[in-house]
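Visitor: Kindly return the folded structure for what I paste below:
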Amino acid sequence: MIESAREDTTSPSAAERGGRDDGRDAPYLQHWFPVAFEVDLDRKALTRVTVHGSGFVLFYGPEERLACLPDRCPHRSARLSDGRRTGAGTVECLYHGWGFAGDGLCTGIPQLPRDTAIPPRAHLAPVPLEVVQGIVWIWPGRRDDVDPASITRIAALDRPDMRTIDYVSDLPYGQEALVENVLDFAHIHIAHDGARGGGHRAHAGPLAFEIEERGPAGFGAEFRSPTMDESDRSERTEGARVDFDAPNLVHYVSSYSSGDRIAGLALFSAPLHHDRCRLVYRAYSNFWPKQDLKRPRWREHIHQMELLEQDMAVVMGQTRELASDGRALRDLWLPIKTSDQLVLQYRRWVEAHAADTPGALGWRTRNDVPPSSHAPPALDRMTLHTQHCAACREALRRFLRERRAAGGTAFVATVGAALVGLPFGLLPASAAVAAALWGVRAHATIERLTGGPAPPPPSTDESLDSGQG
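Guide: Presented below is the predicted three-dimensional model:
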């Protein structure tokens, strides 16, 4: 948790600071947004995150206190995240060396004479930040509305026997498209047929929902699939529930005949921009199979990326169609009661409570925005996930080293086999083959972690610590 800015008489007020609350009055900013798992943050580096197109920089100050500031130097609008974290735990702007502490106060301007006071507008207004159950939340809106108690806590996660699978990924479509997608339980048995953690086409069928409306806070629903026989349900699942805790969480919970078993899926999200978002995924259970508990975090993440990629193209195509058509959803869609009730409930919630959000698409209304000026989003795993994940960054470093070592070993063994000749050259020849296979396996894993051609060997080890955003 970040300490609030100092409130003494020498400190400038928020209105005097360069990072004052101008532009932070929009209703859609008056929320807590989940931006990262704390375990994925590099404590020695600066991390950029974005919410609704605005940039913020996360960093650890003195005594390992996590802080958040607007990612814009008040001097000439350079990104602070392009600078460096000093040994004193402050941020130093790369452009002219202006320094900032975690409370937003400017700690130094190299170009000022020693006897000159720092201008009040050189100071920044710190961004409220909380770490709850390992997830980093920031509040980009007006500070007078901040209430840390409003951050969602999942009681089951405080149990000592609970284990989680935590995963973060940026996605090339907006938060609304993501929320709609994860509320759409009906697509799982088609789009993810046969995938581990996915569905089975034979179970696709009508769904029954009992929806509870909660106004601005969201809605919840009990749901079931009458076509799925009890014998087909794993671990004797007795029921399922989903809650949309507006605007950033879709939470699934399963109930079991064995009352001591708990399992759930918390799908947190944050809008990076109106057409891009971040998924902060947390699956939890107190009865994971042993093989799941032993599986390295990075290997589980490869599976999660494969699952997301199965319907990524469909969702991207859908959002493009909706953006280009211009009509309201009620004039475009043909929803059916036995599959689409949650999706319709969400679009009606958007219409009633979030219609002013950029890009908002309600059932009868839409708040279109001009086409994006930024480049089309990259779709490789390095960009969407690995650069944001500590476990996958470290795994990538390891396999880059292994590939390099395998190449050197194979070369030396091959030369040795050629010099020795038969029959004594069989041993180094076998070593050369083994090293080559080792290199091939390392290369294949690198491609799975990056989602594209493997990066070149050398200085890549240092370049993997790029910030999030």
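
Visitor: need the strands for the stretch 151-300 of the chain, in chain order.
Guide: 163-171, 208-213, 218-224, 237-245, 249-256, 263-273, 276-285 (DSSP state E, counting those that start in this stretch).

Visitor: So, low pLDDT: which residues of the stretch 151-300 of the chain?
Guide: Applying pLDDT under 70 to the stretch 151-300 of the chain picks out residues 226-237.

Visitor: Find the residue at the geometric middle of the protein.
Guide: residue 168 (3.5 Å; C-alpha atoms, centre = their mean).

Visitor: what's near enough to touch it?
Guide: 36, 37, 40, 278, 279, 280, 281, 385, 388, 389 (C-beta atoms under 8 Å, 6 or more residues apart in numbering). (C-beta placed from N, C-alpha, C; glycine too.)

Visitor: ok, back up a step: could you dump the strands of the stretch 151-300 of the chain to a markdown table with distance to residue 131?
Guide: Below are those laid out as a markdown table (distance: least, C-beta to C-beta, whole Å):
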| stretch | distance to residue 131 |
| --- | --- |
| strand 163-171 | 13 |
| strand 208-213 | 30 |
| strand 218-224 | 23 |
| strand 237-245 | 18 |
| strand 249-256 | 16 |
| strand 263-273 | 13 |
| strand 276-285 | 13 |
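
Visitor: and of these, who's closest to residue 98?
Guide: strand 263-273 (26.3 Å; C-beta to C-beta).

Visitor: can you tell which of the strands of the stretch 151-300 of the chain is closest to residue 76?
Guide: For the strands of the stretch 151-300 of the chain, the distance to residue 76 is smallest for strand 263-273, at 23.6 Å, taking C-beta to C-beta.

Visitor: Can I get the closest one as PDB, trimmed to CA atoms?
Guide: What follows is strand 263-273, C-alpha atoms only, in PDB (Å, rounded to 0.1, in the frame of the first residue of the first chain):
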ATOM      1  CA  ALA A 263     -13.000 -23.800  -6.900                       C
ATOM      2  CA  GLY A 264     -13.400 -20.600  -8.800                       C
ATOM      3  CA  LEU A 265     -12.200 -18.400 -11.600                       C
ATOM      4  CA  ALA A 266     -11.700 -14.700 -11.100                       C
ATOM      5  CA  LEU A 267     -11.300 -12.800 -14.400                       C
ATOM      6  CA  PHE A 268     -10.200  -9.300 -13.600                       C
ATOM      7  CA  SER A 269      -9.700  -6.800 -16.400                       C
ATOM      8  CA  ALA A 270      -8.500  -3.200 -17.000                       C
ATOM      9  CA  PRO A 271      -9.100  -1.100 -20.100                       C
ATOM     10  CA  LEU A 272      -5.800  -0.100 -21.600                       C
ATOM     11  CA  HIS A 273      -7.600   1.900 -24.300                       C
END
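
Visitor: What strands line up against it, and which way round?
Guide: Neighbouring strands of strand 263-273 in its sheet, by DSSP bridges, are strand 249-256 (antiparallel), strand 276-285 (antiparallel).

Visitor: would CSV of these with mean neighbour count and distance to residue 76 be doable?
Guide: Formatted as CSV, those follow (neighbours: other C-beta atoms under 10 Å; distance: least, C-beta to C-beta, whole Å):
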stretch, mean neighbour count, distance to residue 76
strand 249-256, 18, 38
strand 276-285, 22, 27
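
Visitor: need the contact list for residue 346.
Guide: Contacts of residue 346 by C-beta under 8 Å, 6+ apart are 179, 180, 183, 219, 244.

Visitor: Now the element after whatever helix or strand it lives in, going C-ward?
Guide: Using DSSP states H and E, residue 346 falls within helix 341-353. With elements assigned by DSSP H and E, the helix or strand that comes after helix 341-353 is helix 381-384.
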